[in-house]
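Trainee: Mind looking at a prediction? Sequence and model below.
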Amino acid sequence: MFKIITKRQLNDQVVLMEVEAPFIAKKAQAGQFIIFRVDEKGERIPLTIADYDREKGTVTIIFQTIGASTQRLSLLNEGDYILDFVGPLGVATHFDKDIKKVAVIGGGVGCAIAYPQAKMLYNKSIEVDLIAGFRNKEIVILEKEMKNVSTNLFITTDDGSYGAKGFVTEVLKKQIDSGVKYDTVVAIGPIPMMKFVCDVTKPHNIKTLVSLNPIMIDGTGMCGGCRVTVNGETKYACVDGPDFDGHQVDFDELMIRNASYHSNEKAHICRLTGGVNNG
Ligand code: NAD
Ligand code: FES
């Protein structure tokens, strides 16, 4: 059982939880993920690690309440326990040794993962341009935290209610077109965002890492649920990733596979009891 130490609502749909998990905290690295199961009826859900504190023995997760399991998790409070919390899983993000300037792109709740990537790079004295995109001002998360770990922070909103109006890809393109040289770009967010970030960087031959979150079941390379096609080969995001060279990922196939379970994911929250049911 894993105790929830801190719970913070970041916006209407996004929750941060700091969970007591000393063995995971000891080994966790940016880019890796955990799989949790709220209770014995819960599904196994992967979440990329948003932060960790080796001394306190805690791991931070940030999640959007979109399906039945994340709804169930969001109903727990500080002091409550999560049944299973397994990790760290997957391969930690690998950057080339001699990089000097990186653009880290976060889309919506993907900023929860862009943040630790930026933090890790910034702490190694690498210049970080962090480009964070949200639909509107109300759902902006982690602005202060992202500012503290970036050389330049660019916020965009689709409707222009905060920061620059438009998508993250527009800022990235502007930066590149104005002569800014990035050694690597890291993109974490919705699949279309990662696909279009790759379309911007490919003609300039800028190495682009994307963090994929396909459907996962066992998280150990056995079920095949998380398979993705990379450079024409089948890879398993849970053991070969979740980070891949974005220029080699078949995003169209990934979008079709990820859409297959959307109808099963819809959760019903009972307005009388607050209970969560599938379907
Ligand atoms: P969203 O749909 O609100 O989009 C966020 C931002 O991404 C937009 O404001 C825009 O700037 C950019 N964007 C979206 N579509 C784009 C397009 N077609 N072209 C260019 N830019 C585009 O995001 P959301 O609803 O918060 O969802 C976040 C996504 O991130 C989810 O799909 C989630 O699965 C994913 N995610 C991944 C990880 C991971 O570890 N890989 C972690 C957390 C979230
Ligand atoms: Fe089963 Fe990756 S989750 S193979």
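Mentor: Everything's here; your move. Ligands and ions are numbered 1, 2, ... in the order given.

Trainee: List the buried residues of the host helix or strand of Ala103.
Mentor: Per DSSP states H and E, Ala103 falls inside strand 101-107. Within strand 101-107, the residues that count as buried by 16 or more other C-beta atoms under 10 Å are 102-107. Every C-beta, even on glycine, is put in place using the N, C-alpha and C of the backbone.

Trainee: Give me the residue ranges of this protein where confidence is low.
Mentor: Low-confidence segments of the chain (pLDDT under 70): 261-279.

Trainee: need the residues of it near ligand 1, please.
Mentor: 48, 107-110, 112-113, 133-135, 156, 158, 167-169, 188-190, 192-193, 196, 211, 213, 242 (C-beta under 6 Å from any ligand atom).

Trainee: re the thing from before, quick one: which of the buried residues of strand 101-107 is nearest to ligand 1?
Mentor: Checking the buried residues of strand 101-107 against ligand 1 by C-beta to the nearest ligand atom gives Gly107 as the nearest, at 2.8 Å.

Trainee: hang on, the closest one packs against Lys195?
Mentor: No - using C-beta atoms under 8 Å, Gly107 makes no contact with Lys195, being 11.2 Å away.

Trainee: So which bits of stretch 11-19 are buried?
Mentor: 13-19.

Trainee: how about Leu142, what does it touch?
Mentor: 10, 111-112, 115, 132 (C-beta atoms under 8 Å, 6 or more residues apart in numbering).

Trainee: and those residues, which are buried?
Mentor: 10, 111-112, 115, 132.

Trainee: I'd like those residues written out as CSV, with secondary structure and distance to Ala92 added.
Mentor: Below are these laid out as CSV (DSSP: H, G, I helix; E, B strand; the rest coil; distance: C-beta to C-beta, whole Å):
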residue, secondary structure, distance to Ala92
Leu10, coil, 24
Cys111, helix, 19
Ala112, helix, 17
Tyr115, helix, 16
Ala132, strand, 22
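
Trainee: ok, which residues in the stretch 101-250 of the chain are in contact with ligand 2?
Mentor: Checking the stretch 101-250 of the chain against ligand 2 by C-beta under 6 Å from any ligand atom, the hits are 216-219, 221-226, 236, 238.

Trainee: Show me which of those residues is closest to Ala28.
Mentor: Nearest to Ala28, judged by C-beta to C-beta, of these is Gly219 at 14.7 Å.

Trainee: Figure out the helix or strand that that closest one lives in.
Mentor: Going by DSSP H and E, Gly219 is not in any helix or strand.

Trainee: Compute the distance between it and Val86, please.
Mentor: 7 Å (C-beta to C-beta, to the nearest Å).

Trainee: Those two: which is more packed in?
Mentor: Neighbours per residue (other C-beta atoms under 10 Å) separate Gly219 from Val86, with Gly219 holding more: 23 against 17.

Trainee: Now do the contacts for that one.
Mentor: 33, 35, 44, 46, 86, 89, 226, 238.
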